[in-house]
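Chemist: Curious how this folds, go ahead:
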Amino acid sequence: MDPGLCATCRHSRVVEGAKSRFWLCERSRTDARYPRYPRLPVLTCAGHEPAAQDGTASPAGGRSR
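Modeler: Have a look, this model is predicted:
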């Protein structure tokens, strides 16, 4: 499934299970307006910030996507 804006957001992190994949919003840790696991695809988000251009993990995410 296409995660929408989460795919390019510096605050998102992929959490993988045995047969599933979830997109965790790191902003949810400090701001209750953001769901921990948003419904996908996310088409609009006031907290979206583009990730680094080189595709590396951001300090907020902790891991690469």
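Chemist: Tell me where this protein has strands.
Modeler: 12-16, 21-25 (DSSP state E).
Chemist: Would you mind finding the most buried of those strands?
Modeler: strand 21-25 (a mean of 18; mean count of other C-beta atoms under 10 Å). C-beta: built from backbone N, CA, C; applies to glycine.
Chemist: Run me through the strand neighbours of it, direction for each.
Modeler: Strand pairing for strand 21-25, using DSSP bridges, gives strand 12-16 (antiparallel).
Chemist: How much space separates the residue sitting nearest the centre point of the chain from Ala46?
Modeler: Geometric centre of the chain, nearest residue: Ser12, 1.9 Å, by C-alpha atoms, centre = their mean. Per C-beta to C-beta, to the nearest Å, Ser12 is found 14 Å from Ala46.
Chemist: re earlier: cross-check the contact I'm expecting between the residue nearest to the centre of the chain and Ser28.
Modeler: No - applying C-beta atoms under 8 Å, one finds Ser12 not in contact with Ser28, separated by 10.4 Å.
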